[in-house]
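Trainee: Fold the following.
(one chain, ligands or ions: 1)
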Amino acid sequence: MTPEATKSPATLGAAVANLRARLSKAGFTDAAMEARILIGGLLDLSSTQVFVGGDRVLSDGEIAEIEKAAARRLKHEPVHRILGKREFHGLDLLLSKETLEPRPDTEVLVETLITHARMLERRDLRILDLGTGTGAIILALLDALPDATGVASDISEDALRTARENAARLGLSERFQAVSSHWFDKIEGRFDIIVSNPPYIRSDVIPELEPEVRCFDPLAALDGGVDGLDAYREIAGRVSEFLETGGYVGVEIGFDQKVTVTALFADAGFELVEAQRDYGGNDRALIFTRPAFDVP
Ligand code: GLN
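Mentor: The predicted structure is shown next:
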């Protein structure tokens, strides 16, 4: 134990300062913000409450809980995984072992699809999310489109449980169904919108990912095979069987996959109707449709 770790800061302000110093010393770049989010999350305090509540005296139990969380963060476990929850597109979502931690970049895919969904000018849209994880994408869509219904697939029972629980906590269960399925295998019917944030990292790149991702996000949600495109091949290969005429397919992609993923969908008869970059300026979301004359 470091000398700092043996100190037991008795107030909220001291605990935040102590954790910030330890994270900063260990090389974490966002030490101040992380200390506030982690301790605020553990104590169920808003960021304002953390900011103004520095004098709050902590109980021994709270100090012990903060210490346990600090030890986990120092081993590179991401803050939101320690807290077991994360906000995505304004929704509070639970995370679990086999769910990818939802990223702000994925909100770009959600926003783009909401725009396209509204252009369909139908209220009772049917949405399919392949490899749903926490349910982040489809639950954000259902929340924004109050008459839409959704089906979400995943191969992980842990993820399906978490997605169902998230739907229930958000009051979306009646419009949401979670199905155990490898991509389209167990899916029935047609959908107006089909969406996925599949695993898309090349297998050989996985060892180079930062420990926060490599050690704590589930490998099955990251590893896209030798060229990173396995999941897109699966999806593009069958998507026309499940998409309504005039519907949209939206996928998240890796920063260098716009051309290759567009080519895979073009082979399946789809054209790219929109490409969006993420907050870092990287290509991140692609929306495809199938020209009507092409529908059997
Ligand atoms: N965006 C994630 C990352 O780079 C990867 C998610 C994915 O493969 N779908 O950490």
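Trainee: pLDDT-wise, which helix or strand of this structure ranks last?
Mentor: None of the helices or strands of the chain scores lower by mean pLDDT, DSSP states H and E than helix 3-6, at a mean of 50.
Trainee: Now do the buried residues in the next helix or strand after it.
Mentor: Per DSSP states H and E, the first helix or strand lying C-terminal to helix 3-6 is helix 12-25. Neighbour counts over helix 12-25 (16 or more other Cβ atoms under 10 Å) mark 12-16, 18-20, 22-23 as buried. Yep, even glycine has a C-beta here, placed from its N, CA and C like the rest.
Trainee: Equivalent analysis for stretch 204-213, please.
Mentor: Val213.
Trainee: From start to finish, how long is it in a straight line?
Mentor: By Cα to Cα, to the nearest Å, the extent of stretch 204-213 from end to end equals 15 Å.
Trainee: And the average pLDDT for it is what?
Mentor: Mean pLDDT, stretch 204-213: 97.
Trainee: mind checking how far it is from the chain centre?
Mentor: 17 Å (Cα atoms, centre = their mean, to the nearest Å).
Trainee: Kindly indicate whether the residue nearest to the spatial centre of the chain is helix, strand or coil.
Mentor: In the chain, the C-alpha nearest the mean C-alpha coordinate belongs to Pro102, at 1.9 Å (Cα atoms, centre = their mean). What DSSP: H, G, I helix; E, B strand; the rest coil gives for Pro102 is coil.
Trainee: Now do it, the pLDDT please.
Mentor: At Pro102, pLDDT is 97.
Trainee: measure it to Leu38 for me?
Mentor: Applying Cβ to Cβ, to the nearest Å, the value for Pro102 to Leu38 is 18 Å.
Trainee: Can you list the low-confidence ranges for the stretch 151-296 of the chain?
Mentor: Applying pLDDT under 70 to the stretch 151-296 of the chain flags residues 293-296.
Trainee: ok, which stretches of it are strands?
Mentor: Taking DSSP state E, counting those that start in this stretch, the strands of the stretch 151-296 of the chain run over residues 176-180, 191-196, 243-252, 271-277, 283-289.
Trainee: List the buried residues in the longest one.
Mentor: Looking back up the chat, that one is strand 243-252. Buried, per 16+ other Cβ under 10 Å, within strand 243-252: 243-244, 247-252.
Trainee: That strand packs against which elements?
Mentor: helix 106-119, strand 191-196, helix 230-238, strand 283-289 (3 or more Cβ pairs under 8 Å, 6 or more residues apart in numbering; DSSP states H and E).
Trainee: What of the fourth one?
Mentor: Secondary structure elements in contact with strand 271-277, counted by 3+ Cβ pairs under 8 Å, 6+ apart, are helix 106-119, helix 258-267, strand 283-289.
Trainee: Make a markdown table from those and add distance to the ligand and mean neighbour count to it.
Mentor: Formatted as a markdown table, the helices and strands packed on strand 271-277 follow (distance: least, Cβ to the nearest ligand atom, whole Å; neighbours: other Cβ atoms under 10 Å):
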| stretch | distance to the ligand | mean neighbour count |
| --- | --- | --- |
| helix 106-119 | 8 | 19 |
| helix 258-267 | 12 | 16 |
| strand 283-289 | 8 | 23 |
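Trainee: could you dump those to JSON lines with distance to Asp44?
Mentor: JSON lines is the format used below for these (distance: least, Cβ to Cβ, whole Å):
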{"stretch": "helix 106-119", "distance to Asp44": "24"}
{"stretch": "helix 258-267", "distance to Asp44": "41"}
{"stretch": "strand 283-289", "distance to Asp44": "32"}
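Trainee: was I right about the residue nearest to the centre of the chain contacting Gly90?
Mentor: No - checked against Cβ atoms under 8 Å, the pair Pro102 and Gly90 is beyond contact range at 11.8 Å.
Trainee: how about the nearest residue to Asp204, chain neighbours excluded?
Mentor: Spatially, and ignoring its direct neighbours in sequence, Asp204 is nearest to Val226 (7.7 Å; Cβ to Cβ, 6 or more residues apart in numbering).
Trainee: Count the neighbours of the one you found for me.
Mentor: Per other Cβ atoms under 10 Å, the neighbour tally for Val226 reads 10.
Trainee: Cross-check the buried residues of strand 243-252 against the ligand and keep the overlap.
Mentor: The subset of these within reach of the ligand, by Cβ under 6 Å from any ligand atom, is Glu252.
Trainee: Out of the buried residues of strand 243-252, which two sit at the greatest distance?
Mentor: Glu244 and Glu252 (21.5 Å; Cβ to Cβ).
Trainee: touching the ligand at all, stretch 73-88?
Mentor: No - if you take Cβ under 6 Å from any ligand atom as the test, stretch 73-88 misses the ligand, and the best it gets is 10.6 Å.
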